[in-house]
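A.B. asks: kindly generate the corresponding structure for this input.
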Amino acid sequence: MDIEFLYLNQKDVEATGVSMATALESVEDAFRLHHQGQVNLPYKTVLDLGERERGRCNAMPAYVGGKYDVFGIKWIAGFPRNPVEHRLPRGTGLFILNDAWKGVPLAVMDCTLLSAMRTGAVTGVGAKYLARPDSRSVAMIGAGVQARTQLEALTIVLPELKEVRAYDIRRETAESFAVEMNERFGGGGLSVRAVNSPEEAVREADIVVTVTVADEPIVKERWMKRGSFFAAVGSYQEEEFEVVSSSEKVVVDGIDHVLHRETPVIALMIEQGKIRREDILEMGAIVCGDEPGRTHPEERVFFSPIGMAVEDVCLCHKVYKLAQEKGVGSTLGLFGRDL
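C.D. replies: I've put the predicted structure just below:
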């Protein structure tokens, strides 16, 4: 006999109807289960082929218990030159979902779109607990694919948003982002515009999101507003150390995983004695109510998630269930024998 599994290409994934609301729910579940110790989460493995010359690929395995009780692995490549040189996405990904009791594959699916959605959802969950609910303005530093899902998640958890100022090293990228996002969200009263500098984007912004591959600081401490929420999602080195040390609350998704990666700004600051590990909070503890989220309107919060595979497992499991319900995808045999 053969072992059947479901194959979902990106068109199939979209046909399941998976939404950002689904991604937000999945990520919040992942944070909660991680804090409760109901996951098995090895460190991600990075296959570095030269970040600037070519790119890298990350292997991200995890088991998630609770109502999920499955395991899986994301194999996600990031090649920065792809969009310009090859007309391909910067990131491409594949996810394998497995039965946790028999070990057999349940599904293999494209996760290029899903990975971007879950990363946006991580910021969305962070903003739900850590941003001012009345936040009205967003500084978006970097205006690529990730910026789109970041903004989508923010519009769901912060319905009073009115203005987005987008900066990208390529002005035309920021302008395209503004046009597309105005078409998508402008009907709800949100105005998105391209600006000429990071400073113009960040000053007086309630929310700051960085989604770039910069290897030196872009955002300056002197630009930051009291009461703001900063989500550092890109290269993890996009802000001055003072942006972190001047924040009243510093939050990550998994501190051990941040430190294992070594290069994120928080890991560098801990190594250099500029902040203390024991002062860093994990998002799961806040979601579970064991640590406080935002405590007052003037509090500045810095959120720097490294990205954990448990988030992908939860989201891809939900997509698998949606595909089964809707009859989406192709059934394949692992061994190629008659079924």
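A.B. asks: give me the number of residues near residue 291?
C.D. replies: 16 (other C-beta atoms under 10 Å). Where you see a C-beta, it was placed from the backbone N, CA and C, and this is true even at glycine.
A.B. asks: and if you look at residue 144?
C.D. replies: 22.
A.B. asks: next one: residue 9
C.D. replies: With neighbours defined by other C-beta under 10 Å, the count for residue 9 comes to 13.
A.B. asks: repeat for residue 104
C.D. replies: Look at residue 104: counted by other C-beta under 10 Å, it has 11 neighbours.
A.B. asks: which residues does it contact?
C.D. replies: 3, 5, 98, 334 (C-beta atoms under 8 Å, 6 or more residues apart in numbering).
A.B. asks: any regions of the stretch 201-339 of the chain where pLDDT drops low?
C.D. replies: Filtered on pLDDT under 70, the stretch 201-339 of the chain yields the residue ranges 338-339.
A.B. asks: tell me where it has strands.
C.D. replies: 207-210, 229-232, 249-252, 280-282, 301-303, 330-333 (DSSP state E, counting those that start in this stretch).
A.B. asks: of all those strands, which one comes closest to residue 65?
C.D. replies: Residue 65 lies closest to strand 280-282 among those, at 17.8 Å (C-beta to C-beta).
A.B. asks: partner strands of that closest one, parallel or antiparallel?
C.D. replies: strand 249-252 (parallel) (DSSP bridges).
A.B. asks: if we can go back for a sec, would you mind giving the contacts of residue 104 as CSV with distance to residue 117 and secondary structure added?
C.D. replies: Output for the contacts of residue 104, formatted as CSV (distance: C-beta to C-beta, whole Å; DSSP: H, G, I helix; E, B strand; the rest coil):
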residue, distance to residue 117, secondary structure
3, 28, coil
5, 22, strand
98, 21, strand
334, 28, coil
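A.B. asks: out of the residues you listed, who's nearest residue 23?
C.D. replies: residue 98 (20.9 Å).
A.B. asks: neighbours around the closest one, how many?
C.D. replies: Per other C-beta under 10 Å, the neighbour tally for residue 98 reads 19.
A.B. asks: ditto for residue 96
C.D. replies: Around residue 96 there are 18 residues (other C-beta under 10 Å).
A.B. asks: could you dump the strands of the stretch 201-339 of the chain into JSON lines with mean neighbour count added?
C.D. replies: Below are the strands of the stretch 201-339 of the chain laid out as JSON lines (neighbours: other C-beta atoms under 10 Å):
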{"stretch": "strand 207-210", "mean neighbour count": "28"}
{"stretch": "strand 229-232", "mean neighbour count": "28"}
{"stretch": "strand 249-252", "mean neighbour count": "22"}
{"stretch": "strand 280-282", "mean neighbour count": "20"}
{"stretch": "strand 301-303", "mean neighbour count": "25"}
{"stretch": "strand 330-333", "mean neighbour count": "12"}
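A.B. asks: and the ones you listed: which comes nearest residue 263?
C.D. replies: strand 229-232 (12.2 Å).
A.B. asks: pull the distance from that closest one to the chain's centre.
C.D. replies: Relative to the mean C-alpha coordinate of its chain, strand 229-232 is positioned 12 Å out (C-alpha atoms, centre = their mean, to the nearest Å).
A.B. asks: contacts for that strand next, please.
C.D. replies: By C-beta under 8 Å, 6+ apart, strand 229-232 touches 123, 126-127, 130-132, 135, 150, 206-210, 219, 224, 238-239, 243, 247, 265, 294, 300-305.
A.B. asks: domains for the protein, by residue range?
C.D. replies: 4-115+310-333, 120-307 (automatic domain parsing).
A.B. asks: which residues touch the residue positioned nearest the centre of the chain?
C.D. replies: Centroid-nearest residue in the chain, with C-alpha atoms, centre = their mean: residue 119, separated by 1.6 Å. Neighbouring residues of residue 119 by C-beta under 8 Å, 6+ apart: 146, 149-150, 233, 307.
A.B. asks: can you list which of the residues you listed are found in helices?
C.D. replies: 146, 149-150 (DSSP state H).
A.B. asks: where exactly do the helices run in the stretch 51-200 of the chain?
C.D. replies: 112-130, 145-157, 171-185, 198-202 (DSSP state H, counting those that start in this stretch).
A.B. asks: can you give the distance of the second one from its chain's centre?
C.D. replies: Think helix 145-157. Using C-alpha atoms, centre = their mean, the offset of helix 145-157 from its chain centre is 10 Å.
A.B. asks: next, the angle from that helix to helix 171-185.
C.D. replies: Helix 145-157 and helix 171-185 are oriented at 30 degrees to each other (axes from the mean of the first three to the mean of the last three C-alpha atoms, to 10 degrees).
A.B. asks: ditto for the first one
C.D. replies: Comparing the axes of helix 112-130 and helix 171-185 via the same axes, to 10 degrees yields an angle of 70 degrees.
A.B. asks: send over helix 112-130 as PDB, restricted to the C-alpha atoms.
C.D. replies: The C-alpha coordinates for helix 112-130 follow below in PDB (Å, rounded to 0.1, in the frame of the first residue of the first chain):
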ATOM      1  CA  THR A 112       5.900  31.400   0.300                       C
ATOM      2  CA  LEU A 113       2.600  33.400   0.800                       C
ATOM      3  CA  LEU A 114       2.000  31.700   4.200                       C
ATOM      4  CA  SER A 115       5.400  32.600   5.600                       C
ATOM      5  CA  ALA A 116       4.800  36.300   4.700                       C
ATOM      6  CA  MET A 117       1.300  36.100   6.300                       C
ATOM      7  CA  ARG A 118       2.500  34.500   9.500                       C
ATOM      8  CA  THR A 119       5.400  37.100   9.800                       C
ATOM      9  CA  GLY A 120       2.800  39.900   9.400                       C
ATOM     10  CA  ALA A 121       0.600  38.100  12.000                       C
ATOM     11  CA  VAL A 122       3.500  38.000  14.500                       C
ATOM     12  CA  THR A 123       3.700  41.800  14.400                       C
ATOM     13  CA  GLY A 124      -0.100  42.000  14.500                       C
ATOM     14  CA  VAL A 125      -0.300  39.900  17.700                       C
ATOM     15  CA  GLY A 126       2.500  42.000  19.200                       C
ATOM     16  CA  ALA A 127       0.600  45.200  18.400                       C
ATOM     17  CA  LYS A 128      -2.600  43.800  19.800                       C
ATOM     18  CA  TYR A 129      -0.900  43.500  23.300                       C
ATOM     19  CA  LEU A 130       1.800  46.100  23.100                       C
END
